[in-house]
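# got a sequence here, can you build the structure:
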Amino acid sequence: MGGSAKEIRKQAGEIVDELTRLYAQSMAHLRTALARYLADGTPPARDERAKGIFAYPELRITYKPGGPPPQLARSYGKLSSPGRYTTTITHPDLFRGYLVEQLELLLCDYEIEVTTGLSDSEIPYVYALDGSAEQDMTNTTPSALAAVFPYADLVAVGDELADGDQEDDPTSKPLSLFDAPRTDYSLFRLKHYSGTPYEDFQQFILFTNYHRYVDEFVKWGIEQVQGDGPYERLSAAGFVEIDKDTKNPLDMVNNAPWRKYQMPSYHLKAAGGRGVTLVNIGVGPSNAKTATDHLAVLRPQCWLMIGHCGGLRQSQRLGDYVLAHAYLRDDHVLDDCLPVEIPIPPIAEIQTALQVATGRVSGEGLERVKSRLRTGTVVTKDDRNWELRYSAEARLFNKSRAIAIDMESATIAANGFRFRVPYGTLLCVSDKPLHGEIKLPGAANAFYERSIREHLQIGLKTIEILKNDVANALHSRKLRAFNEPPFR
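Here you go, the predicted structure:
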């Protein structure tokens, strides 16, 4: 503990530099061994693997205080008890900003010893496959490779720590929620589902359940990239990247093979990852869980749901907004991980930002916008045809005082709570199924034209507001348990 802020930042940077060197070394050994095996069938020597030549790097922090730990108000970057804290690290270059920030907090306020080295966990061979000419896979099979190289053993990949189900290890405490094997698993799933490099995901994430929001985001994103603002590039599903000099950028994005991907994603990139990502998760809680399961390893600053819902109150009008402050979880996809009796609290900072943004974007101000924005409970269903059980469902909605229904919002919020990622929901009423107001083709098109641009701009304005006070306010202590890992 001690030293100037500049000295502490330099020390944290040097620690991450060493993690980067160790990771690059292990990956180089693994790729060399793969190329040799694919060329002539020579497997890696057992004694080499025993030395850890394919191992993930490990970060270790030892805390032996001379007195009680300091009392800190922040929600992370804290050591609650003496001991040894460890985690394995993958892609330290990708997580550099995050790692430096977490280390700076601990180095500033605690007397700690920080060391790095190779872990006992090996990098699975599949993460070293880069498609190069030296990695011709035509004469081998995945099972043959798994017999001689480390493979992605799902026994070692799980969320027991995040779910509070991991047994205590008296010799070592976890330093972060996600270790290297869990992180790598999700990074490669993100690339598969999103149709974009996982490196392009930004710290602020919007989810939607309609592609029309994507069209509006892409048009707006291209305008931003071509302007003089903070956004540098637009990364689009189908592995398309747009910069200021790209010719016919809208055609490039629209003609890309984005339909091949289950959750096409679009990233308006800014320095330090402080841009905006839009993910079209489609319809249903399963997709919502899948996306958030994997995005959580990137430790985003927040994620917000902006999409359409059914209004459940007679007083609502098509185009009105619903700001969720509670959720009736009838989606069932997280029941085993996060029982439904556990409340999902609203995050005050996000609730306020969403309301303020709605007033600013609509031009109606906070008082007048209240006639169009209703705060209440959103019910999330896993059955799109719930109307076929109208009588039973209506009774449930009535008891819960729900004001809107969709198929994703509660799942996204619950997984945000589960993985300590701040969350929020602002929906737009597109029909009123209990009151006979359904979307007819002509009316629906007119509704979409009016509502989507404003709704998207509210989501973007909310992110702009949140960016100004992330460190001190956004990461609420209500998301943290009493025995949390130190890293956010």
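# which residues of the chain fall in helices?
Under the criterion DSSP state H, helices of the chain are mapped to 5-40, 46-50, 96-109, 142-148, 180-194, 211-226, 249-255, 285-295, 348-362, 365-369, 390-400, 409-419, 441-467.
# could the ones you listed go into a markdown table alongside mean neighbour count?
Where C-beta positions appear, they are placed from N, C-alpha and C, glycine not excepted. Formatted as a markdown table, these follow (neighbours: other Cβ atoms under 10 Å):
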| stretch | mean neighbour count |
| --- | --- |
| helix 5-40 | 17 |
| helix 46-50 | 11 |
| helix 96-109 | 19 |
| helix 142-148 | 14 |
| helix 180-194 | 21 |
| helix 211-226 | 19 |
| helix 249-255 | 16 |
| helix 285-295 | 24 |
| helix 348-362 | 20 |
| helix 365-369 | 12 |
| helix 390-400 | 13 |
| helix 409-419 | 27 |
| helix 441-467 | 18 |
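# can I get stretch 368-378 in PDB? Just the C-alpha atoms.
These are the backbone C-alpha positions of stretch 368-378, laid out as PDB (Å, rounded to 0.1, in the frame of the first residue of the first chain):
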ATOM      1  CA  ARG A 368     -45.000  15.400 -19.100                       C
ATOM      2  CA  VAL A 369     -43.400  12.100 -20.000                       C
ATOM      3  CA  LYS A 370     -45.000  10.400 -17.000                       C
ATOM      4  CA  SER A 371     -48.200  10.200 -19.000                       C
ATOM      5  CA  ARG A 372     -46.400   7.900 -21.500                       C
ATOM      6  CA  LEU A 373     -44.100   6.100 -19.100                       C
ATOM      7  CA  ARG A 374     -45.400   3.700 -16.500                       C
ATOM      8  CA  THR A 375     -43.300   2.000 -13.800                       C
ATOM      9  CA  GLY A 376     -44.200  -1.400 -12.600                       C
ATOM     10  CA  THR A 377     -43.900  -5.200 -12.700                       C
ATOM     11  CA  VAL A 378     -43.000  -6.900 -16.000                       C
END
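# if we look at it, which residues are touching it?
With contacts defined as Cβ atoms under 8 Å, 6 or more residues apart in numbering, stretch 368-378 is touched by 309, 313, 316-317, 319-328, 351, 355, 358-359, 362, 364, 400-406, 409-410, 425, 427.
# just the buried members of the residues you listed?
Applying 16 or more other Cβ atoms under 10 Å to these, the neighbour count classes 309, 313, 316, 320-328, 351, 355, 358-359, 362, 400, 402-406, 409-410, 425, 427 as buried.
# correct me if wrong: Q351 contacts Y423.
No - counting by Cβ atoms under 8 Å, Y423 is not a contact partner of Q351; they are 10.6 Å apart.
# how close does E408 sit to N385?
Applying Cβ to Cβ, to the nearest Å, the value for E408 to N385 is 16 Å.
# neighbour-wise, which of these two wins?
E408 (30 against 7; other Cβ atoms under 10 Å).
# can you check the pLDDT for the nearest residue to that one once chain neighbours are set aside?
Distances taken as Cβ to Cβ, 6 or more residues apart in numbering place A288 nearest to E408, at 4.2 Å, with adjacent residues excluded. Each residue has a pLDDT score; the one for A288 is 98.
# could you do the one 10 residues further on as well?
On pLDDT, L298 comes in at 98.
# grab the nearest non-local neighbour of it.
Distance criterion Cβ to Cβ, 6+ apart; nearest residue to L298, sequence neighbours excluded, is F201 at 5.5 Å.
# pretty sure K478 contacts P343?
No - K478 is beyond contact range of P343, at 10.0 Å (criterion: Cβ under 8 Å).
# the more surrounded of the two?
Neighbours per residue (other Cβ under 10 Å) separate K478 from P343, with K478 holding more: 12 against 9.
# relative to P485, how far out is the more buried one?
From K478 across to P485, the span is 17 Å (Cβ to Cβ).
# and R84, by the same measure?
For R84 relative to P485 (Cβ to Cβ), the value is 13 Å.
# any common contacting residues for the two?
Common neighbours of R84 and P485, counting by Cβ under 8 Å, 6+ apart, are K173.
# higher neighbour count, these two?
A count of neighbours by other Cβ under 10 Å puts P485 above the other of R84 and P485, at 23 against 17.
# contacting residues for that one?
Here P485 is in contact with 85, 87, 161, 173-177 (criterion: Cβ under 8 Å, 6+ apart).
# wait, what's in contact with the residue lying closest to it once chain neighbours are set aside?
Among residues not flanking P485 along the chain, P174 sits closest, at 4.6 Å (Cβ to Cβ, 6+ apart). Shown in contact with P174 (Cβ under 8 Å, 6+ apart): 85-87, 161, 166, 485.
# buried ones among the residues you listed?
Neighbour counting by 16+ other Cβ under 10 Å classes 85-87, 161, 485 among the contacts of P174 as buried.
# what's the closest of the contacts of P485 to E113?
Nearest to E113 among the contacts of P485, counting by Cβ to Cβ, is Y85 at 10.7 Å.
# what's opposite the closest one in the beta bridge?
Taking DSSP bridges as the rule, Y85 bridges to I61, K173.
# against P68, how distant is it?
18 Å.
# likewise E484?
Using Cβ to Cβ, E484 is found at 18 Å from P68.
# so among the buried ones among the contacts of P174, where is pLDDT lowest?
L161 (93).
# I figured that one hits L175, correct?
No - the criterion here is Cβ under 8 Å, and L161 misses it with L175 at 10.6 Å.
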